[in-house]
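*Asks:* let's see this in three dimensions:
(3 chains)
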Amino acid sequence: MTTDWSWIGDHTDDLTTLTFSHLQAAFSAVFFGLLISLPLAVVAHRIRPLRGLLLGLSNVLFTIPSIAVFVLLLPVSGLTRTTTVIGLTIYTLVVLLRNTVEGLDSVPAKTKEAAKAMGTRPLRALLTVELPLALPVIMAGVRIATVMSISLVSVATYIGDGGLGQLFTDGFQRNFPTPVIVGVVLTLLLALVADALLVAVQYVLTPWTHRKQRAA
Amino acid sequence: MYELFKNLGSWLVSGEQWSGSDGIGHRLAEHLQYSLLATLVAAAIALPLGLLIGHTGRGAFVAINLASFGRALPTVGLVVLVFLASGLSMWPVYVALVALAVPAIVTNTYAGMNAVDPDVRDAARGQGMRWYQVLFQVELPLALPLIMTGLRLALIQVVATATIAAYVSFGGLGRYVFDGLAQRDLVQVLGGAVLVAVVAVVLDLALSGLQRVLFRHRPA
Amino acid sequence: MNRRTLLGGLFAAASVPALAACSSGITSLDGEGNVGSGGGSSKNGITIGTANFTENQVLGYLYAAVLDAAGVKTNVRPNLGTREILIPALKGGDIDLLPEYQGALLHYIDPKSKATEEGEMQNALAMALPAGLQVLPYGMAEDSDAFAVTRETADKYGLSSLADLKKQNGRLVIGAAPEVKKREVGVVGLKDVYGVEFKEFKSLDSSGPLVKGALKKGDVDVANLFTTDTDIQANGWVVLTDPKNLVPGQHVVPLIADRKADSTVRKALAELGNVLTTADLTELNRQVDKDKKDPEDVANTYAEKKGLTKK
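*Replies:* Next comes the predicted model:
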C-alpha cells in the first residue's frame, strides 16, 4: 500500500463537498424517519395488534441488504439523491419505530391517568405528557439511527451517490488507499460528533432526568 | 412492481437457477459459510472480552461505546481498505464481518453481566465460590438472555452484510445483488435480497430456539 | 406550560438541521447540485454521467472541460455504474450526456446488428436509439474490449486467437465485469461466434483491480480487459486476436439527450473527438491509475495543452 498524504491537502474542497453531501443524506433520512415513525409509533402503542405487525415488519426490513434496497429503488427514483434518502430512511425506521414505541410504553400508567383526571384531552396529553416523558428512549433511538445512517450513506456509492463513500470506490478502482483511509476516518468522526451533539441536545431537552438524579 | 414479484417467483423456482456454481444452492452455501464462520470468530473474540469486562467491571466505558463504534464503521470502506492491503483474498470479507459482529456481542455480553444483581454475586462469593465459579455458575447463566440477544443481532447483521463478499469477487447471495445491479436485472437483485432475508430470519429463529432449549436447563 | 415549551424545543432542535438539509436537498433532489438535469437546452447546463471505470471518468471530465470552455455549465457524476444502469438514467433525465463506445453501445441497443464499419455503425445507432437520444460524431480515440491471457496460459494451451479457445471448451475460467456475462461482446458472443464455452464465469470488474488481480493470480485464465489499459503491456499479457470480428470498432462517441444537443455542444465535443487519440487516452488513463492523479485534473491539463479550452 502506497499512501500519499499530500493528497488530503490537495483535496480539501472535494472533501468538504463530500462531507456535506454525506451529512445531508444522513440527516434527511433521520428527519424523514422521525416524521414517519412518530405517528406510526403512536398508533402501534395504542393498537396492540398493529404493534406486533409493525415491529415485525421493520425487523424483516433490517435483514435486507442495503445495497439491494438502493438498487430496487432505481425504477422509482433513478440515480438520484432521493433514492439514497429513501433507502436510508427505511433503515432508520427500524430503530426509530421500536424506540418510540418502547418510550411510550415506559410512561407510567399513573401519570397518564393523572393527566386524564385533570381533564387533559388525549392529543394534548400525548404531546405534553407522554412524548416528553418518552423522550429519553426516543432520543436513544435517534442517536442509533443517526450513527447508523452516517455509516450507511457510503453504500449508495454503488449507485453513484454515497457522499464520502465515493472515496471508497475511487480508491478501490485505482488501488489507492489514501482516499479510503480518509473516508473511513471522516465517517467515524462525523458519527462521533453527531452522537455527542445529540447527547447534548438530549441533556438540554430533558432537564428533569438529571435534576431527578441529583435529588436522589 | 407486480411484474417484478411475478418474475421473482419463476426465478426462485427454476431448476436452472438452483444448479451449478452460480446456482442458488451453491451461493446459499457460500453465504452461510461466510456468515457463520465470521460470527463464530467474532464470538470467540467478543464473548471472553465481554465476560471479562463484565466480571471485573474494568473497561465498561469501552464496552458501552463499542457498539456505537461498530455501527459507525463504514463496512464498504473497511472492505476496500483491507482489499488494498491484502489483495484478492477472503481477508477483506472476514475482517469486515468480524468487525461488524464483535461490538454487538461485547456490548450485549457486558450489559448482561452488568445486569446481574450485585447481591447475588456477593452471596456467591460469600459462599466461598472461586472467581471462575462465580463467573460460570452464577453470572453467565443470569447474563445468558442478553448474551444471546447480542449473538442474534450480530448474526443478522453479518448475514445481511455478507452480501459485500461479491463486491470483492467472491460468492454468496450478494453475487445476485451485485450482478443484478451491473446487468440491471432487478429480478435477480430482489431474488438475492429475499434469500438473504430468509437466511437471516431462519438463523435468528434457530438461535432463539436454541436459547429456549438452553433456558430449560436453567435452575429456576 | 413548561412541558409544552420542552416539546416545542424537541421539534425545533430535531428538525432544524434536518430541515435545513432538506430544504437544500429538495431543490437538488436529483443529485448534489445538479445543474439542469431534465431541463431544456444546454443553457440550463449539462449533467455528464460516467461509468464505473477510470477511462470513462477521464472522458467525462474531458467533455466537461471543453463544454465549460464553450460556456456550457457542466456537472460530472462519476462512477454511476454500468451501461445497463446509465442508459435508463439518460432516458429518465437523471443525466444528459455519456461518453460511450460505438460498437458496445450499438450491441446494447440492437444486439442483432451486423454493422461493423464505423460509418455503418453510426447510421445503425441513429436508427436504433430510442426517441430522445442521439449519438454525436465519433472521435478518433478507440478503446476496444480485449480478451487477454497470461503468457504462460497462452503457451500452455496454444492460444493466440479467440478461435483457439474452443479447443479448451469447459476447461477455462473467464473473468469479466458481471454485465459481460449477458453481453453480445462478451460470453454470449463468444459462444455464438466462436463456439467457446467456459468452465466458469467469474464476476469481477471492468479492467479494474479485481479482473487484473485474478488474471495475475491465476484465478481466471481469460480476462476481459480494455485495450487502453497499460497493464496489458506492462505484464506481457497476450491479447487474443479476433479473426471473426466479434468485437466491433469501439470509437469513443458522445451519447446525448436530444434537448441538450445544440450547436455549441456539438462543436465543442467534435473538436475534442478530432484531437484525442487512442495513445492520448491510454496515457491519460495511466496518469490516473498509476500516478494517482485526479481524472478531473488530468482532463483539464490535457484540454488546456491541446488548446481545446481556448475560445
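
*Asks:* going forward, measure contacts and count neighbours with C-alpha atoms only.
*Replies:* Noted.

*Asks:* and stretch B:190-197, C-alpha only, in CSV?
*Replies:* Taking Å, rounded to 0.1, in the frame of the first residue of the first chain, the C-alpha atoms of stretch B:190-197 are listed here in CSV:
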residue,chain,number,x,y,z
LEU,B,190,-34.7,-8.9,-5.5
GLY,B,191,-34.1,-12.7,-5.5
GLY,B,192,-30.8,-12.2,-3.8
ALA,B,193,-32.3,-9.8,-1.2
VAL,B,194,-35.2,-12.1,-0.4
LEU,B,195,-32.9,-15.1,0.0
VAL,B,196,-30.6,-13.1,2.3
ALA,B,197,-33.6,-12.0,4.4
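
*Asks:* please name the nearest non-neighbouring residue to B:V168.
*Replies:* Distances taken as Cα to Cα, 6 or more residues apart in numbering or on different chains place C:L210 nearest to B:V168, at 7.0 Å, with adjacent residues excluded.

*Asks:* same thing with A:L152?
*Replies:* Spatial nearest neighbour of A:L152, chain neighbours left out: B:P74 (6.6 Å); criterion: Cα to Cα, 6+ apart.

*Asks:* need the phi and psi values for that neighbour.
*Replies:* For B:P74, the backbone dihedrals are phi -80, psi 110 (criterion: degrees, to the nearest 10).

*Asks:* interface residues of chain A facing chain C?
*Replies:* A:21, A:24, A:27-28, A:30-31, A:78-82, A:127-129, A:131-132, A:157-161, A:169, A:172-176, A:201, A:205-206 (Cα under 8 Å from any Cα of the partner chain).

*Asks:* wait, doesn't the residue nearest to A:L152 sit right on A:M148?
*Replies:* No - with contacts counted by Cα atoms under 8 Å, B:P74 stays clear of A:M148, the gap being 9.1 Å.

*Asks:* and the lengthiest helix in chain B, what other elements does it pack with?
*Replies:* Secondary structure of chain B read by DSSP state H shows that its longest helix is helix B:24-56. Judged by 3 or more Cα pairs under 8 Å, 6 or more residues apart in numbering or on different chains; DSSP states H and E, the packing partners of helix B:24-56 are helix B:15-18, helix B:60-72, helix B:91-114, helix B:140-161.

*Asks:* the residue nearest in space to the middle of chain A is in what secondary structure piece?
*Replies:* Central residue of chain A (Cα atoms, centre = their mean): A:A145, 2.7 Å from the mean position. Taking DSSP states H and E as the definition, A:A145 sits inside helix A:131-152.

*Asks:* what's the following helix or strand after that helix?
*Replies:* Assignment by DSSP H and E places the next element after helix A:131-152 at helix A:165-173.

*Asks:* which of the residues in that next one are buried?
*Replies:* A:165-173 (16 or more other Cα atoms under 10 Å in any protein chain shown).

*Asks:* could you dump the residues you listed to a markdown table with pLDDT?
*Replies:* Output for the buried residues of helix A:165-173, formatted as a markdown table (pLDDT from 0 to 100):
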| residue | pLDDT |
| --- | --- |
| A:G165 | 97 |
| A:Q166 | 96 |
| A:L167 | 97 |
| A:F168 | 97 |
| A:T169 | 96 |
| A:D170 | 95 |
| A:G171 | 95 |
| A:F172 | 95 |
| A:Q173 | 93 |
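
*Asks:* what's the farthest-apart pair in those?
*Replies:* A:G165 and A:Q173 (12.9 Å; Cα to Cα).

*Asks:* burial count for A:G33?
*Replies:* 25 (other Cα atoms under 10 Å in any protein chain shown).

*Asks:* and the helix or strand where it lies, is it in reach of chain B?
*Replies:* Secondary structure assignment for A:G33, by DSSP H and E: helix A:12-46. No - counting by Cα under 8 Å from any Cα, chain B has no neighbours in helix A:12-46; the shortest distance is 12.0 Å.

*Asks:* next secondary structure after that helix?
*Replies:* Assignment by DSSP H and E places the next element after helix A:12-46 at helix A:48-62.
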